[in-house]
Each structure stands twice: as structure tokens, then as C-alpha cells.
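[1] fold the following.
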Amino acid sequence: MTLRSDVYPPWTTTEVDLPTTRAHEPFPSCHVTYTPVTSSVMPTEVMREGSRWYTWEDEFFPSATTVLKHTDPVGSKALHEWKAAVGDDAASAITQRALARGMQWHSFCERYLTNQPVWRTLTQPGNVAYATDVAHLLNERIDTVVASELPVISRAYGVAGRVDVCARLRDGRLAIVDFKTGRKQKSGQRLENYAIQTTFYADAMTGVLGEPVETIVIVQLCPRQLVWQENSAAAWSPWATHRVALFAEYISNMMEPETITPAT
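    I've put the predicted structure just below:
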């Protein structure tokens, strides 16, 4: 099956250059309602040969990130070349800084949207203006959060994972909202991976809610720019199905049975 990158489903994109004039206003209260859904399926995270899987009622499901990691030769090649170019020590330092920033702003968005204190972020130098702009964007776009950091299983794709946010947007649509951080806006193969990941989660949350989750949203939290991008989960379904098939081939060729151990 050949799926060309030049015919990706088009994104509806809103870009906000930072800082905005609102960045210097008082930090806004959250106007998003948080009504978490109760799921009868709660898979447990486990590790298998260094990769994340989930288990539920004696079944095992690869995580969305595991599927994408093992079916992305372009991304793997680029990462290898980058590490060779900058050196292992520099690559490790850059990666650790990126991970720390990613964890910080993921935590901020999820805590803000679920009405939890975000003072740890706001008390760090230089963060208030950025957090103010992010908060305004979330308030403008999201009406109700129905799931945050919820472990889910997509039966259609045979994939599991943890949803950043599932929300009803201001216009009434249900959407998976996934937060991504980086120095600059991602496109191409990187954006493909984000789209496929959220497509997996859209199917999983459709099962949880009993109502179609048709929209996927990627929020790119770049230092000088906020990018809100929307697409259709159905439009990305062929790419998601293709990557699952590649992963099944990888498993049959590369992995031997081994012991499943709980994740730490």
C-alpha cells in the first residue's frame, strides 16, 4: 500500500505569533468545564523489550508511540544522522532539555483544563506571559473536557495509549486534543505521526463515549508561536491502518516471545 506524503489530508491551521498583547494582561481564569467520563476499560501500562504496551483482561496492545516508533524509518534515520552530527553528549543534553520543556507545558495545559493549580509553572521566570497566551487559546477553543490522561484501547486498530485530552470544542464537535512541544513548528512526517496517534485515540474515545469523536487537534507549543491544527480522524484512517499493518509485520519478523514486566 502506497500513501503519498504530498496528498496528506489538509489541516485547518491557526498560528499565533508570540507574545501577543494579551500576554501582559492578568492571567485568566479557566472557563472550561471539566466533566470526566468513567470508562469501564482501564488498561495497565507494561514494558516489553524497552517499548510501552498496555494490558487488559489478558490481552496485550502496543502503545500508539510504540507502533509509530517501529514504523517510521524516515524519522529513525533523521534522528540517527542528527545524533552523529552533534555528538552523543550534546544530543543527550538537548534531548533532556526538550523533554523537560515538554513535560512542563503538557502538565500546565492538562492541569489548567482540569481546574488544578498551575502555580509551579507561573512562578518560574519568563513563563507567565507564555502561559497567559496559552490559557487564552484554550479558553477560546475548548468548552468541556471529558477525559484527561485517560488510558484507552482502540479495538479497531488494536492499539492502546493515554489520551492527553478529549474535549467538546466551542462549536460542539468532540475532539482529541494533543499537545506537542518543540523549538519550531513540525510538518511532514512528524505531523503524520501526530495525526495517526490522535486518530488511534479518536477511535478509542468513540468507544468510551458511545458518540463519534471525529476531529483531531494538534496544539504545537513552540517558544515563539502557538499553532492550533485541526483535521479529520476519518481522513487519516488509511495512514493509521497502514502503520498498524507495518507494525504487525515488524512484530512477526523481529520480536521473540519474552516476559512481560510491569512498567516502572
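
[2] so where do the strands sit in the stretch 101-250 of the chain?
    Assigned by DSSP state E, counting those that start in this stretch, the stretch 101-250 of the chain shows strands spanning 142-154, 159-169, 174-181, 215-222, 225-232.

[3] list the helices and strands the third one packs on?
    So that's strand 174-181. Secondary-structure packing of strand 174-181 (3 or more Cβ pairs under 8 Å, 6 or more residues apart in numbering; DSSP states H and E): helix 88-113, strand 159-169, helix 188-209, strand 215-222. Every C-beta, even on glycine, is put in place using the N, C-alpha and C of the backbone.

[4] output it as CSV, restricted to C-alpha atoms.
    Extracted in CSV, the C-alpha atoms of strand 174-181 (Å, rounded to 0.1, in the frame of the first residue of the first chain):
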residue,chain,number,x,y,z
LEU,A,174,-15.9,16.2,20.0
ALA,A,175,-12.1,16.2,19.5
ILE,A,176,-8.9,14.6,20.7
VAL,A,177,-6.5,17.4,21.7
ASP,A,178,-2.9,16.5,21.8
PHE,A,179,-0.1,18.9,23.0
LYS,A,180,3.3,18.8,21.3
THR,A,181,6.3,21.0,22.1
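
[5] strand partners of that strand, parallel vs antiparallel please.
    strand 159-169 (antiparallel), strand 215-222 (parallel) (DSSP bridges).

[6] which parts of the stretch 1-150 of the chain are helices?
    Applying DSSP state H, counting those that start in this stretch to the stretch 1-150 of the chain gives helices spanning 64-69, 73-86, 88-113, 119-122, 127-141.

[7] how about Tyr157, what does it touch?
    Tyr157 makes contacts with Phe200, Asp203, Ala240, Thr241, Val244, as judged by Cβ atoms under 8 Å, 6 or more residues apart in numbering.

[8] and those as CSV, adding distance to Val32?
    Listed next are those as CSV, based on distance: Cβ to Cβ, whole Å:
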residue, distance to Val32
Phe200, 24
Asp203, 24
Ala240, 28
Thr241, 33
Val244, 33
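
[9] so which of the residues you listed comes closest to Gln116?
    Phe200 (26.2 Å; Cβ to Cβ).

[10] isn't the closest one up against Arg155?
    No. With contact defined as Cβ atoms under 8 Å, Phe200 does not reach Arg155; the gap is 10.8 Å.

[11] could you tell me the least trusted of the helices and strands packed on strand 174-181?
    If you rank those by mean pLDDT, helix 88-113 sits at the bottom with a mean of 79.

[12] buried ones in that one?
    Residues Gln104, Trp105, His106, Ser107, Phe108, Cys109, Glu110, Arg111, Tyr112, Leu113 are the ones in helix 88-113 that count as buried (16 or more other Cβ atoms under 10 Å).

[13] tell me the one of those nearest Val41?
    For the buried residues of helix 88-113, the nearest to Val41 is Glu110 (20.8 Å; Cβ to Cβ).

[14] just checking, that closest one touches Ser148?
    Yes. Using Cβ under 8 Å, Glu110 makes contact with Ser148 at a distance of 5.3 Å.

[15] residues shared between the contacts of these two?
    What both Glu110 and Ser148 touch, as defined by Cβ under 8 Å, 6+ apart, is the set Asp164, Val165.

[16] Thr65 is nearest to which of the strands paired with strand 174-181?
    Per Cβ to Cβ, nearest to Thr65 of these: strand 159-169, 7.0 Å.
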